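Peer 1: Provided below for reference: sequence and predicted model.
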Amino acid sequence: MRRLSGSGMLWLRPVRCKGRQGVAGMNQDKDQVDSKRPQPRARLLWIVIAAILLGGAVVLTLSLVGPRSISRGERPANDWDLTSPEEQDMDSGRLEAMMAYIDTHDMNVDSILIVRHGYLAFEKYGPRNSASTPHKLQSVTKSVTSLLVGIALDRGLIESLDTPVTRLLPSYSPVNLDARKEEMTLEHLLTMSDGLNWREHDYPYEDPRNIVALMNQSRDAVQFVLDRPMAYAPGEVWAYNSGASVLLGAILEEATGRNLLSFAREALFDPLGIGTIYWEETAGSHYQTGGGLSMTPRDMARLGSLMLHNGAWDGRQIVSADWVARSTHAYYPAYNCFGYGYQWWILPGGQGFQANGLYGQHIYVLPQADMVVVATASLAEDSVQQIDGLVHTFILPACTDLPQEPQRETYDAHGLTLEYPGGFCLEDGPIPGRATPSDASGIVQLRANTEPFELVLVLWHALEGGEDATDFLEAYLAGLAETGVEVTPGNSGESQQDGHAMALRYAELKIETAPVPSLTGAWICPESGRAFAATYLTAAGATPEDLLAGFQRYLAGLDCH
């Protein structure tokens, strides 16, 4: 496996959303509508497209730097048993194809491990990495912290999930204390529904204005987080908050009366046979439970196996099965169609769950495949979906004992039926200016978190009379260009959709510095009284034939009346 700088794969930046709001949260300033635009309805359509294409990058995880704490535990003599992929019902050819893909696309992947049926079926490392090399976990640390909270609750060291945070941290006196902050509980911290005014993604993590950087510069990270004013009532909104994870670490030390690392070693790491770990600290000498843990990929696999087996390891219940079930339930919709549990990300389509860290650190737990996948990497911040793509495109299809026919799911609402592959991310929302999607207007966005990237957008709007598919398409593309997306039109063509003539136009969309090939079609559906537009985008290098095939593949399952 090569470890090279940069990545050859393009990943569009999806909309950052709260829950199922989708595009509803975009700028809806109607006063700036161009009075010269001949198709005001078309303008609504391209506003939606542009906002999705130009949405901010989803940054799921966090890296924090502080003084290192070192823990050395004994590794058991009987380490992972390494077998061939075929012995665990996996096709080694597909896995080698994955390695070739990583090499061809210069992906900075440092390790990939696959544990299947309890055996290490696949293990590869990049340069300067090996089975004994600890790797920075980034926000995978949050999921480990959640496990420790579960153990503390199992042992009765914490009263309940409903205990207020102010009671769990009695030595702190938060400023801005109001009724909402007093209602904030342990469970709110675990699910990141705490309600604190914490906008972690306004600035890059390296920017000193980032709230995490401000926390690190404070005298005490726990006090800094507790002093934040409330923006919402606890439980009202999900918002990514690494500060909430830092509070969990402080709560554990208060509840156990012990150094956090000492408790973690006795309660979790030693029983699992986890060896040398490093755990950084943050301001105020608190362990960085939001992102400061380092361990080897094999030991990451131990944590994944513990979760796969409902909290049991080698015949011993380390954490209760009830806690594992609670932790991996989706309490709130989060990013990219993922749900959020107790510091664990829940995969779309019921596939399983994962711990996720910045730059490509992952522990996937896939119960239906009896599999744990571990990856460590040094990817760019905006490449968070690349490892997901490897799992869905190469690793799961390599399982020879699983059904290989792609599962299909169906979106059926507002007079629109759209079939799409199972596990893909589908979100619907209103056109800006409308409260909710309806039979009159709306948008569906379908995104494949696989390699290569695919994005499909289907929009509809009530007819206003005299619409022509070609004019509708041209107005749409012209409006898209006015939003700042550089549009280089290509060839035009014709097709049909549901028996209606459809105007087609190939175009290259330049998003930031990356050219994205696209194909857009527009058609009029008198039966439903609506006009439709659909856009298909995929990775750079796609030919017109590739675009047409992908476009037709998705529209084949679309009925608009």
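Peer 2: Ah, there it is. Numbering: from 1, shown residues only.

Peer 1: and the next helix or strand past the helix or strand encompassing Val365?
Peer 2: Assigned by DSSP states H and E, Val365 belongs to strand 361-366. Remark: after strand 361-366, the chain's next helix or strand is strand 371-377, criterion DSSP H and E.

Peer 1: can you list the strands that that following strand pairs with?
Peer 2: Applying DSSP bridges, strand 371-377 is found paired with strand 109-116 (antiparallel), strand 361-366 (antiparallel).

Peer 1: need the residues that contact the shortest one.
Peer 2: Under the criterion Cβ atoms under 8 Å, 6 or more residues apart in numbering, residues 61, 135-140, 143, 300-301, 303-304, 307-308, 328, 347, 351-356, 371-377, 387, 391, 396 lie in contact with strand 361-366. C-beta coordinates here come from the backbone N, C-alpha and C atoms, glycine included.

Peer 1: narrow these to those in strands?
Peer 2: Secondary structure from DSSP state E places 135-136, 353-356, 371-377 of the contacts of strand 361-366 in strands.

Peer 1: re the thing from before, would you turn the strands paired with strand 371-377 into JSON lines with mean neighbour count, distance to Asn210 and mean pLDDT?
Peer 2: Formatted as JSON lines, these follow (neighbours: other Cβ atoms under 10 Å; distance: least, Cβ to Cβ, whole Å; pLDDT from 0 to 100):
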{"stretch": "strand 109-116", "mean neighbour count": "25", "distance to Asn210": "25", "mean pLDDT": "97"}
{"stretch": "strand 361-366", "mean neighbour count": "26", "distance to Asn210": "19", "mean pLDDT": "97"}
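
Peer 1: now tabulate the ones you listed in JSON lines and tack on distance to Ala233.
Peer 2: Below are those laid out as JSON lines (distance: least, Cβ to Cβ, whole Å):
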{"stretch": "strand 109-116", "distance to Ala233": "41"}
{"stretch": "strand 361-366", "distance to Ala233": "32"}
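
Peer 1: any stretches of the stretch 51-200 of the chain with poor pLDDT?
Peer 2: Scanning the stretch 51-200 of the chain for pLDDT under 70 picks out the ranges 51-78.

Peer 1: let me know the outermost residue of the chain.
Peer 2: Gly466 (42.6 Å; Cα atoms, centre = their mean).

Peer 1: quick one, which of the strands paired with strand 371-377 gets closest to Pro517.
Peer 2: strand 109-116 (25.8 Å; Cβ to Cβ).

Peer 1: next SSE after the closest one?
Peer 2: Criterion used, DSSP H and E; the element after strand 109-116 is strand 119-125.

Peer 1: relative orientation of that next one and strand 109-116 in degrees?
Peer 2: Angle of strand 119-125 versus strand 109-116, following axes from the mean of the first three to the mean of the last three Cα atoms, to 10 degrees, is 170 degrees.

Peer 1: for strand 119-125, name the packing helices and strands.
Peer 2: Applying 3 or more Cβ pairs under 8 Å, 6 or more residues apart in numbering; DSSP states H and E, one finds that strand 119-125 contacts helix 92-104, strand 109-116, helix 297-308.

Peer 1: rerun that using 10 Å as the cut-off
Peer 2: helix 92-104, strand 109-116, helix 297-308, strand 371-377 (3 or more Cβ pairs under 10 Å, 6 or more residues apart in numbering; DSSP states H and E).

Peer 1: for Thr185, what are its contacts?
Peer 2: Going by Cβ atoms under 10 Å, 6 or more residues apart in numbering, Thr185 touches 160-168, 191, 193-194, 234-235.

Peer 1: show me which of these are buried.
Peer 2: Taking 16 or more other Cβ atoms under 10 Å as the criterion, what is buried in the contacts of Thr185 is 161, 163, 165-166, 168, 191, 193-194, 234-235.

Peer 1: helix or strand next in line after the helix or strand where Ala481 lies, which one?
Peer 2: Assigned by DSSP H and E, Ala481 belongs to helix 469-482. Note on helix 469-482: by DSSP H and E, the next helix or strand toward the C-terminus is strand 486-497.

Peer 1: Thr328 contacts Gln351, correct?
Peer 2: No: counting by Cβ atoms under 10 Å, Thr328 stays clear of Gln351, with 11.6 Å between them.

Peer 1: distance between the strand holding Val365 and the chain's centre?
Peer 2: The chain centroid and the centroid of strand 361-366 are separated by 12 Å, computed with Cα atoms, centre = their mean, to the nearest Å.

Peer 1: what's the answer for stretch 323-340, then?
Peer 2: 11 Å.

Peer 1: for that stretch, which positions count as buried?
Peer 2: Residues 323-324, 326-328, 330-340 are the ones in stretch 323-340 that count as buried (16+ other Cβ under 10 Å).

Peer 1: that older thread, need the helices and strands packed on strand 119-125 in JSON lines with distance to Arg209, can you?
Peer 2: Shown next, in JSON lines, are those (distance: least, Cβ to Cβ, whole Å):
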{"stretch": "helix 92-104", "distance to Arg209": "35"}
{"stretch": "strand 109-116", "distance to Arg209": "30"}
{"stretch": "helix 297-308", "distance to Arg209": "32"}
{"stretch": "strand 371-377", "distance to Arg209": "27"}
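
Peer 1: any idea which of the ones you listed is most buried?
Peer 2: Mean neighbour count (mean count of other Cβ atoms under 10 Å) peaks for strand 371-377 among those, with a mean of 27.

Peer 1: pLDDT on that strand, on average?
Peer 2: Here strand 371-377 scores 97 as its mean pLDDT.

Peer 1: and that strand with helix 297-308, angle?
Peer 2: 140 degrees.

Peer 1: which of the strands paired with strand 371-377 sits closest to Ala152?
Peer 2: Of these, nearest to Ala152 by Cβ to Cβ is strand 361-366, at 21.0 Å.

Peer 1: nearest residue to Ser528 other than its sequence neighbours?
Peer 2: Nearest-residue entry for Ser528: His561, 3.9 Å, with adjacent residues in sequence omitted and distances by Cβ to Cβ, 6 or more residues apart in numbering.

Peer 1: give me the number of residues near that neighbour?
Peer 2: 15 (other Cβ atoms under 10 Å).
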